[in-house]
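Trainee: mind looking at a prediction? Sequence and model below.
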There are 2 protein chains.
Amino acid sequence: MISVTVIGYGKVAYHLINAFLKSDTVDLVEVYVRDLAKAKTLDGKVEVTHKIDQLKKAHVYIVAVSDNAITEVSSKLKVTSGLVVHTSGAASINTLQTKVHKGVFYPLQSFSKAKKIDFKKIPFCLEAERDTDFKTLEKLAQSIGQKTYSLNSQQRQYLHVAAVFVNNFTNHLFKVGNDICDAHDIPFEILFPLIRETALKVEKMHPKLAQTGPAIRKDSKTIEIHLERLNEKQQTIYKLLTKSIQNG
Amino acid sequence: MISVTVIGYGKVAYHLINAFLKSDTVDLVEVYVRDLAKAKTLDGKVEVTHKIDQLKKAHVYIVAVSDNAITEVSSKLKVTSGLVVHTSGAASINTLQTKVHKGVFYPLQSFSKAKKIDFKKIPFCLEAERDTDFKTLEKLAQSIGQKTYSLNSQQRQYLHVAAVFVNNFTNHLFKVGNDICDAHDIPFEILFPLIRETALKVEKMHPKLAQTGPAIRKDSKTIEIHLERLNEKQQTIYKLLTKSIQNG
């Protein structure tokens, strides 16, 4: 049994708490919430505190707060044993200010409170200063999830940048595609199967080999026709990504 | 029963032939192949011809050849009745040269011969000069697939451009993400669940509302840190797409 305290009640904290409550191998000791009124949904399910300097003993203290608040919040914990971890993809392990050992417990996914999260499908990127702490985090991740990876702070930060490309930027391309469809009375849903296939293909084939379309074929006639159909903003993106594909 | 002749034996033709052969409501009359040696896999399954000017009677002649060849190939068909259609997303209906009525039978997906295709999951974009021909194409599409859409040539061409954004360009962003991971010994597979979620989310939420990340949050500190980690080429893409997200 691993005893855990969650500090914070944002999106990541919310989903972790719900997952821990369902797990047989995790003892959720308490949840620290700055504003007790905001944590009413937790009533009766778990102990809630707003006294950050008086937390009970736990094996792992999970600081699930925004990146900017990690240093400040962690420095207020007056814990003398156990492991303090944060849940951020972008922040270094050393962002944590604590006298005990540190670690990172980063579930890689975009969360929203409204949407149910299945941690079994979400990879956990773990980091710790000591082997024994790493093993604790691994157990903790496996108690609610499945896949774990060992990444140091630098790797995790590069992963975070890569995630911006495959998630944020990809979603923006969907938005451009949607705009084009809307402007010409084309149901955007026609593209759903293609979007789905593109995403699934990458699991089976290196994206460099999976590349299709006029750019990689150097089909300048089609590229020209396409450019004529786009507005200036869309053209800029089209030209840059076409060039980038052609340069490999 | 709709009688169909397929002209060509490229990727689209290959998958259509296999689907028609399995359908109870389609009579596949014959397949025209320029080079008989290349169509050995069809042996015994369907009649094969290389005499394009002596095709048998059919309701629909499907010219499934590359865009550049549509005009030339269709002009060689000496058919006097029925409907001649092409399967291209980019070519106008008028690319077809024929004395009979024309149409378009465009399954929107990226095909490869190696991969099995389930037409039930692929939308068919249809166009015809006459209502009665449109209904024939609709029946034909439904005999092997499910969803059909009526798009005119201009709409289909815009759809084709939108597909470049959501498929070709998206795949290139996956490649950039993969490059970043490779350069720092990060298993790219960590990102698969996120890629999958991003693609599925667009089916439930408008991509403008689904946008997350430092660009939409105008989190200039994170953007700066990300840029420091990228090479020049990656930076150019990062900057342009960040700006585009921020400009809505």
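Mentor: Received, thanks.
Trainee: contacts, neighbours, all on C-alpha from now
Mentor: Will do.
Trainee: ok, the closest residue to A:Gln146 other than its chain neighbours to chain B distance?
Mentor: Spatial nearest neighbour of A:Gln146, excluding adjacent residues (CA to CA, 6 or more residues apart in numbering or on different chains): A:Lys120 at 5.1 Å. Distance of A:Lys120 to chain B, given as CA to the nearest CA, to the nearest Å: 10 Å.
Trainee: kindly report the same for A:Ser110.
Mentor: 7 Å.
Trainee: just give me the neighbour total for the nearest residue to A:Leu42 once chain neighbours are set aside.
Mentor: The shortest distance from A:Leu42 to any non-neighbouring residue, by CA to CA, 6+ apart, is to A:Val48 (7.7 Å). Residues near A:Val48, counting by other CA atoms under 10 Å in any protein chain shown, number 21.
Trainee: pretty sure A:Val48 is touching A:Val29, no?
Mentor: No. With contact defined as CA atoms under 8 Å, A:Val48 does not count as touching A:Val29 (9.1 Å).
Trainee: got the phi and psi for the residue sitting furthest away from the middle of chain A?
Mentor: In chain A, counting by CA atoms, centre = their mean, A:Lys221 sits farthest out from the average C-alpha position, at 40.5 Å. With angles defined as degrees, to the nearest 10, A:Lys221 sits at phi -70, psi -50.
Trainee: please apply the same query to the one 3 residues further on.
Mentor: Taking degrees, to the nearest 10, you get phi -60, psi -50 for the backbone angles of A:Glu224.
Trainee: tell me how far it lies from chain B.
Mentor: 11 Å.
Trainee: check what pLDDT that residue gets.
Mentor: Note on A:Glu224: pLDDT of 94.
Trainee: so how far is B:Ala163 from it?
Mentor: Using CA to CA, to the nearest Å, A:Glu224 is found at 16 Å from B:Ala163.
Trainee: neighbour count winner among the two?
Mentor: Higher neighbour count among A:Glu224 and B:Ala163: B:Ala163, with 28 against 11, using other CA under 10 Å.
Trainee: now the helix or strand that contains that one - C-alpha only, CSV.
Mentor: Element membership for B:Ala163, per DSSP states H and E: helix B:153-163. The C-alpha coordinates for helix B:153-163 follow below in CSV (Å, rounded to 0.1, in the frame of the first residue of the first chain):
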residue,chain,number,x,y,z
SER,B,153,-16.3,19.9,-58.6
GLN,B,154,-15.4,23.1,-56.9
GLN,B,155,-16.3,21.8,-53.5
ARG,B,156,-14.4,18.6,-54.1
GLN,B,157,-11.3,20.6,-55.0
TYR,B,158,-11.6,22.6,-51.8
LEU,B,159,-12.1,19.4,-49.8
HIS,B,160,-8.9,18.1,-51.4
VAL,B,161,-7.0,21.2,-50.2
ALA,B,162,-8.4,20.8,-46.7
ALA,B,163,-7.3,17.1,-46.8
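Trainee: give me the next element, helix or strand, following that helix.
Mentor: Defined by DSSP H and E, the subsequent element after helix B:153-163 is helix B:170-183.
Trainee: tell me the contacts of the residue nearest to A:Leu42?
Mentor: For A:Val48, the contacting residues are A:30-33, A:36, A:39, A:42, by CA atoms under 8 Å, 6 or more residues apart in numbering or on different chains.
Trainee: now these in a markdown table, with neighbour count and pLDDT?
Mentor: Shown next, in a markdown table, are these (neighbours: other CA atoms under 10 Å in any protein chain shown; pLDDT from 0 to 100):
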| residue | neighbour count | pLDDT |
| --- | --- | --- |
| A:Glu30 | 22 | 97 |
| A:Val31 | 25 | 97 |
| A:Tyr32 | 21 | 97 |
| A:Val33 | 19 | 95 |
| A:Leu36 | 12 | 85 |
| A:Ala39 | 17 | 81 |
| A:Leu42 | 16 | 84 |
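Trainee: neighbours of the nearest residue to A:Asp133 once chain neighbours are set aside, how many?
Mentor: The shortest distance from A:Asp133 to any non-neighbouring residue, by CA to CA, 6+ apart, is to A:Leu83 (7.2 Å). A:Leu83 has 24 neighbours, counted by other CA under 10 Å.
Trainee: now swap in A:Cys125 and tell me
Mentor: Applying other CA under 10 Å, I find that A:Cys125 has 27 neighbouring residues.
Trainee: tell me the phi and psi of it?
Mentor: Torsion angles at A:Cys125 (phi, psi; degrees, to the nearest 10) stand at phi -100, psi 120.
Trainee: go on, the one 5 residues further on?
Mentor: Reported as degrees, to the nearest 10, the phi and psi values for A:Arg130 are phi -120, psi 150.
Trainee: and it, how far is that from A:Thr95?
Mentor: 17 Å.
Trainee: and those two? Which one has more around it.
Mentor: More crowded of A:Arg130 and A:Thr95, by other CA under 10 Å: A:Thr95, with 18 against 11.
Trainee: pretty sure the more buried one sits against A:Ile70.
Mentor: Yes. Taking contacts as CA under 8 Å, A:Thr95 lies within contact range of A:Ile70: 6.5 Å.
Trainee: so who does A:Arg196 touch?
Mentor: B:196, B:199-200.
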